[in-house]
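Participant: Sequence and predicted structure are below.
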Amino acid sequence: MGQQWPPIYDPSYNPSPDAKYWNETIETMDPEKREQTIILPKLKAQLEYAYKHSSFYYKKWDAAGVNPDDIRSLNDFEAFPIITKEDIRRDQMQNPPFGSNLCVSAKELARVKGTSGTTGKPTAFGISKGDMHRIAEAHARTMWGFGMRQEDIVFIGSFFSLYWGSWGALAGIERLGATAFPFGAGVPGQSDRALEWMKEVQPTVFYGTPSYALYLAEKARAKGMEPAKDFNFRILFFSGEPGAGIPSTRKRIEEIYGAICIDSGSTGEMAPWMSNCECDDRQGMHLWQDIVFAELVDLSTNKRVPYGQEGVTVYTHLERTSQPMIRYLAGDVSKWVDDPCPCGRTYPRLPLGIYGRSDDMFVVRGENVTPSAIEDAIRGIDGLADEFRIIITRDKAMDEMIVQAEYTPDVASEFIPTLQKKLEAELKSRGLRTVVQMLAPNSLERTEFKARRIIDKRDLYDEIIRQG
């Protein structure tokens, strides 16, 4: 690559099938050397480009009194302001459709992507042709790291829409040279057909959300199929939810399918979103810092937390020409470390994966609650199904958390109270005061996309009180 920016990658390059690394020199480089010779030069080039081509950043950085010329080390970068999803939305409302951060002309665009808009106005992204090539290269490289090879057939079980996940996976699969099986999701009856196709074609790799993989397994067993025997997966990789990094969920997926479970993904705004991705040693998500520079920050200071501590993710593109995100607050909660991984890669890692989002965490009676802790408890108990709900209510100014969990069809009725007490005790051991409600099998809605399991009714209670 040298010092050329943006980098141009050879589309004909592929490692030999027995090679462990896509790019051994960069992936195993001394971290300080990689920072000085690759990450810092790319960061400075990205900042200079954005300052010149994006009035969004030009105005924001001038107002903050910072300039790309100020960057002499990665520590200097901490002075640059963090941007939020709301900043992007506001800018796009004022400068539709892409905002003042689109740095290329319309004729240079290859794709228009966007967020789902479930928490507000959808966010639009224009992706240039060159950026699409670089996204494909990045995803192929991380896919190679968890063991995907050209002979694999990859079942894509996720929506093909404005959502980035499926398209990013497809780009990486095609760049790596594997066979893409873009089945999709979301069409009525498609899950039943998915089982038939998976049994017939025997794909070796699965991509989707953890919820959908568990849902398919549940439907397969109802039809008399056994996923580990009737399907042929050796790798399942996931994004969109934190489940693949939660120990009990990972264990359940691996036991059901007889394959390894890989956690990947940051956020759609940061495509290549697979710049957070596990290797096949599965010791946590590598932060591929020479592609997207990740920081875990303390939001009270906007500065990076030391390795070994917990923070919130902030991401910066290092190869983006169309609509770069620079110090973008994704809001994922995790802990990072820099100790060696058995695979030999020298990137920082998230050893526990992404186990929550700052906007998913909630407070009940003064206690911080992370939904992933409840998921880990439920999926670690035999006799409990995979789906659950968390309902937060308020009664006479006191918060109450209700956890609804399903028992599996094979649980005898007389054992249900014992199962309920077991879950109550497990949640209590994790410092969670909850009311547990046991539900019959299939009482809760299943999803083919991101599961929404938190129902907070406290605002409704407050509104009733205000209205008298």
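Facilitator: The structure has been received and is ready for your questions. Residues are numbered from 1 along each chain as shown.

Participant: Spell out which helix or strand contains residue 158, please.
Facilitator: Under the criterion DSSP states H and E, no helix or strand holds residue 158.

Participant: May I ask you to confirm that it is in contact with residue 208?
Facilitator: Yes: between residue 158 and residue 208 a contact is recorded at 4.7 Å, counting by CB atoms under 8 Å. Any C-beta I mention is one placed from the backbone N, CA and C, and that applies to glycine too.

Participant: mind listing the strands for the stretch 101-250 of the chain?
Facilitator: Per DSSP state E, counting those that start in this stretch, the stretch 101-250 of the chain carries strands over the ranges 109-114, 124-128, 153-156, 179-181, 205-208, 235-238.

Participant: can you tell which of the ones you listed is closest to residue 6?
Facilitator: Smallest distance to residue 6 across the strands of the stretch 101-250 of the chain (CB to CB): 9.5 Å, for strand 124-128.

Participant: The closest one versus strand 109-114: what angle between them?
Facilitator: Going by axes from the mean of the first three to the mean of the last three CA atoms, to 10 degrees, strand 124-128 is angled at 160 degrees with respect to strand 109-114.

Participant: Name the residues that touch strand 124-128?
Facilitator: Strand 124-128 is contacted from outside by 92, 97-99, 102, 104, 106, 108-114, 135, 268-269, 271, 321-323, using CB atoms under 8 Å, 6 or more residues apart in numbering.

Participant: Low-confidence ranges, the stretch 301-450 of the chain, go.
Facilitator: Across the stretch 301-450 of the chain, residues meeting the criterion (pLDDT under 70) sit at 356-368, 394-398, 447-450.

Participant: contacting residues around the closest residue to residue 190 other than its chain neighbours?
Facilitator: Nearest residue to residue 190, sequence neighbours excluded (CB to CB, 6 or more residues apart in numbering): residue 184, at 7.0 Å. Residue 184 makes contact with 156-160, 166, 190, according to CB under 8 Å, 6+ apart.

Participant: if we can go back for a sec, quick one: which of the strands of the stretch 101-250 of the chain is nearest residue 42?
Facilitator: strand 124-128 (17.0 Å).

Participant: buried sites along that closest one?
Facilitator: Using 16 or more other CB atoms under 10 Å as the test for burial, strand 124-128 gives 124-128.

Participant: wait, which of the residues you listed is closest to residue 150?
Facilitator: Set against residue 150, the nearest of the buried residues of strand 124-128 by CB to CB is residue 127 (25.5 Å).

Participant: For the closest one, give the beta-bridge partners.
Facilitator: For residue 127, the beta-bridge partners under DSSP bridges are residue 111.

Participant: picking that back up, buried only: go through the contacts of residue 184 for me.
Facilitator: Buried among the contacts of residue 184 (16+ other CB under 10 Å): 156-159, 166.

Participant: Which pair in the contacts of residue 184 has the greatest spatial separation?
Facilitator: Largest separation among the contacts of residue 184 by CB to CB: 166 and 190, giving 13.4 Å.

Participant: and residue 405, that one's in a strand?
Facilitator: Yes: with DSSP: H, G, I helix; E, B strand; the rest coil as the criterion, residue 405 is assigned to a strand.

Participant: what's the neighbour count on it?
Facilitator: 25 (other CB atoms under 10 Å).

Participant: Pretty sure it sits against residue 438.
Facilitator: Yes: here residue 405 reaches residue 438: they are 6.3 Å apart, a contact under CB under 8 Å.

Participant: Excluding covalently adjacent residues, which one is nearest to the residue most central in space within the chain?
Facilitator: Centroid-nearest residue in the chain, with CA atoms, centre = their mean: residue 265, separated by 3.3 Å. Counting by CB to CB, 6+ apart, residue 265 lies nearest to residue 239, which is 2.9 Å off, once chain neighbours are set aside.

Participant: That neighbour: neighbouring residues, count only.
Facilitator: The burial count for residue 239: 29, using other CB under 10 Å.

Participant: Spit out the contact partners of it.
Facilitator: Counted by CB under 8 Å, 6+ apart, residue 239 has contacts 165, 207, 209, 264-265, 273-274.

Participant: All the helices of this structure, residue numbers only.
Facilitator: Read by DSSP state H, the chain holds these helices, from start to end of the chain: 24-27, 31-34, 40-53, 55-64, 85-94, 129-145, 164-176, 190-201, 210-222, 227-230, 247-257, 371-379, 416-429, 458-466.

Participant: among the ones you listed, which is nearest residue 330?
Facilitator: In terms of CB to CB, the element of the helices of the chain nearest to residue 330 is helix 85-94, at 8.8 Å.

Participant: how big is the angle separating that closest one from strand 124-128?
Facilitator: Angle of helix 85-94 versus strand 124-128, following the same axes, to 10 degrees, is 90 degrees.

Participant: Now helix 85-94: buried residues?
Facilitator: 85, 87-89, 91-92.

Participant: Reformat those residues as CSV; add pLDDT and distance to residue 310.
Facilitator: What follows is those, written out as CSV (pLDDT from 0 to 100; distance: CB to CB, whole Å):
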residue, pLDDT, distance to residue 310
85, 90, 21
87, 95, 24
88, 94, 25
89, 91, 27
91, 96, 30
92, 95, 32
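
Participant: ok, so of the residues you listed, who is nearest residue 230?
Facilitator: residue 85 (41.5 Å).

Participant: returning to that earlier point: how close does the residue nearest to residue 265 get to residue 114?
Facilitator: Residue 239 sits at a distance of 17 Å from residue 114 (criterion: CB to CB, to the nearest Å).

Participant: And residue 222, by the same measure?
Facilitator: Distance from residue 222 to residue 114, by CB to CB: 35 Å.

Participant: who's more crowded, those two?
Facilitator: Counted by other CB under 10 Å, residue 222 and residue 114 do not tie: residue 114 has more neighbours, with 18 against 12.

Participant: Tell me which residues touch that one, please.
Facilitator: Counting by CB under 8 Å, 6+ apart, residue 114 has contacts 122-125, 162.

Participant: Go through those and name the one nearest residue 229.
Facilitator: Closest approach to residue 229 among those (CB to CB): residue 162, at 36.7 Å.

Participant: Count the neighbours of that closest one for me.
Facilitator: Close neighbours of residue 162, defined as other CB under 10 Å, add up to 18.

Participant: next one: residue 407
Facilitator: 22.

Participant: start the count at 28, not 1, going forward
Facilitator: Okay, residue one is now 28; in that scheme the one you just asked about reads as residue 434.

Participant: Show me what it bridges to in the sheet.
Facilitator: Residues in a beta bridge with residue 434, per DSSP bridges, are residue 411.

Participant: my read: it touches residue 411, true?
Facilitator: Yes: Residue 434 is within contact range of residue 411, at 6.3 Å (criterion: CB under 8 Å).

Participant: what is in contact with those two at once?
Facilitator: Each of residue 446 lies in contact with both residue 434 and residue 411 under the rule CB under 8 Å, 6+ apart.
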